[in-house]
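A.B. asks: need coordinates for the following:
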Amino acid sequence: MPPLSLPRRRALQSVAGLAAATASLAWSQPSKTNPRGGDLAVAQIVDMSAAQQDVSKDLLIGARAAWQDFNARGGLRGHRVQHLTLEVDGSAASLQAALQNVRDNPACLTLSATAGGVAASQLTALLAREALPIAHVAPWLQNASTSIDERTFPIFASRQEQIAHALKSLSSMGVTEVGAIYASPQDQTLYREDVERTAQALKLKLQSFPATGDLQTLGQRLTPGTPALLLFIGGTPELLQFTRGLQRQSRQRYVVALADVNLQTLAQLGGGRHTPVIATQPVPLVGASLPIVRAYRETLARLFEEAPSPLSLAGFIAARYTQAVLQGVDGPLTRPSVLAAFQRRAPVDLGGYRVSYSAQHHGSSFVTQSMLTTDGRMVG
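C.D. replies: The predicted structure follows:
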């Protein structure tokens, strides 16, 4: 694949440098003069494995920008909040080690914006088994079937809600038939039932295409009878392969992807040149006039050489939600007091993005869509 653009490389290098600096502070022993070992801290666990790093890096950039801005405006009760980045490699052992680091650091008050989806689900399950009174806030928890306990506080619409939104949008445009492309056997196992149930409820005829391991070949082999609109369940690298296969198709098709797909990265790598790609996202459009989005764009431009993206906006919103609840904690700032504040699940309006928990403990069902056109423009 072509290398990332220079602005993105610089932004990620900046993030990596800041992460290394704060991590070295985070795991130092508490001093005699300050039993907390330094400032207050919030930990973000990010999965940098090949399948997840594209999502994780953008979420990390947005969160990093929000915490830097928060500290510049006075921090929490006059204290700087360290944003601790803990990278994992997708394995259970590395996730367990990261959680142990959090457990051993008394300054760390909460976990925030865990990424990507697999790590968020695994950490949710791990915390359910651990006797650790710490809040797991705004994880990139894309699977609605994950059990939400009293220590987990998701604020973004699940993948199932995104699927329903995408198919409902297609149905409202008069579409009667849609194809479902699964990037992996795991995606097919997790989401096929949701796709089929939603399509049936909307009276859409559905053709499913199981994961074959070679998505470019699958794209090349689609027949004229395949629906023109295709719902893609997978990540950016897999979608890139699939759209390259579609380049040889004579029939014009449209692909609808979900929030794990980064349209900016897809465009940089040459995807979507012959096939328009629409992606759902559980955050407002990055060009919206909402106060939270304006603050995000201004902060990102000031701190990083990085173009706005829905994923980094999600990281920014996750951090802002964490900050809002931390500021409302009664009494001393401890893990139990912070956890109790989140457990109240009080509605929070983050400059136009509203978090209001349902009976199932999901904070939002908000979904929007953007499109990457064949000439490389972002619409929406």
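A.B. asks: would you agree residue 115 is in contact with residue 52?
C.D. replies: Yes: under the criterion of Cβ atoms under 8 Å, residue 115 makes contact with residue 52 at 7.2 Å. For the C-beta atoms, the positions are set from N, CA and C on the backbone; glycine is no exception.
A.B. asks: between the two, which one's more packed in?
C.D. replies: When residue 115 is set against residue 52 and neighbours are counted by other Cβ atoms under 10 Å, the residue ahead is residue 115, at 28 against 23.
A.B. asks: what about the strands in the stretch 101-250 of the chain?
C.D. replies: 108-112, 135-137, 152-153, 177-182, 205-209, 229-233 (DSSP state E, counting those that start in this stretch).
A.B. asks: can you list contacts of the shortest one?
C.D. replies: Strand 152-153 is contacted from outside by 124, 127, 135-139, 141, 342, 345, 357, 361, 363, using Cβ atoms under 8 Å, 6 or more residues apart in numbering.
A.B. asks: and if you look at the fourth one?
C.D. replies: Strand 177-182 is contacted from outside by 167, 170, 188, 191-192, 195, 199, 204-211, 215, 218, 226-227, 229-234, 242, 255, using Cβ under 8 Å, 6+ apart.
A.B. asks: how about 6 Å then?
C.D. replies: 170, 188, 195, 204-205, 207-211, 226-227, 229-233 (Cβ atoms under 6 Å, 6 or more residues apart in numbering).
A.B. asks: can you flag the buried ones in those?
C.D. replies: 170, 188, 195, 204, 209, 211, 226-227, 229-233 (16 or more other Cβ atoms under 10 Å).
A.B. asks: where's the dip in pLDDT among these?
C.D. replies: Lowest pLDDT within those is found at residue 211 (76).
A.B. asks: for residue 217, see how far away that one is.
C.D. replies: According to Cβ to Cβ, to the nearest Å, residue 211 stands 12 Å off from residue 217.
A.B. asks: and residue 231, what is it in contact with?
C.D. replies: Listed by Cβ under 6 Å, 6+ apart, the contact partners of residue 231 are 178, 180, 256.
A.B. asks: helices or strands up against the strand or helix carrying the last one?
C.D. replies: Residue 256 belongs to strand 254-257 when assigned by DSSP states H and E. For strand 254-257, the helices and strands in contact under the criterion 3 or more Cβ pairs under 6 Å, 6 or more residues apart in numbering; DSSP states H and E are strand 229-233, strand 277-281.
A.B. asks: can you pull the buried residues of it?
C.D. replies: Applying 16+ other Cβ under 10 Å to strand 254-257 flags 254, 255, 256, 257 as buried.
A.B. asks: pairing partners for it, with directions?
C.D. replies: Sheet pairing of strand 254-257 (DSSP bridges) gives strand 229-233 (parallel), strand 277-281 (parallel).
A.B. asks: would you mind confirming that residue 264 makes contact with residue 310?
C.D. replies: No: using Cβ atoms under 6 Å, residue 264 is not in contact with residue 310; the gap is 9.0 Å.
A.B. asks: any buried residues in stretch 265-275, and which?
C.D. replies: Under 16+ other Cβ under 10 Å, the buried positions of stretch 265-275 are 265, 266, 267, 268, 269, 271, 272, 275.
A.B. asks: got the CA coordinates for that stretch in PDB?
C.D. replies: The C-alpha trace of stretch 265-275 is given here as PDB (Å, rounded to 0.1, in the frame of the first residue of the first chain):
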ATOM      1  CA  THR A 265      -7.700   6.600   4.200                       C
ATOM      2  CA  LEU A 266      -9.600   4.800   1.500                       C
ATOM      3  CA  ALA A 267      -9.300   7.800  -0.800                       C
ATOM      4  CA  GLN A 268      -5.500   8.200  -0.100                       C
ATOM      5  CA  LEU A 269      -5.000   4.500  -1.000                       C
ATOM      6  CA  GLY A 270      -6.900   4.800  -4.300                       C
ATOM      7  CA  GLY A 271     -10.100   3.100  -3.200                       C
ATOM      8  CA  GLY A 272     -13.500   4.200  -4.500                       C
ATOM      9  CA  ARG A 273     -12.200   5.600  -7.900                       C
ATOM     10  CA  HIS A 274     -14.800   3.600  -9.800                       C
ATOM     11  CA  THR A 275     -17.300   2.900  -7.100                       C
END
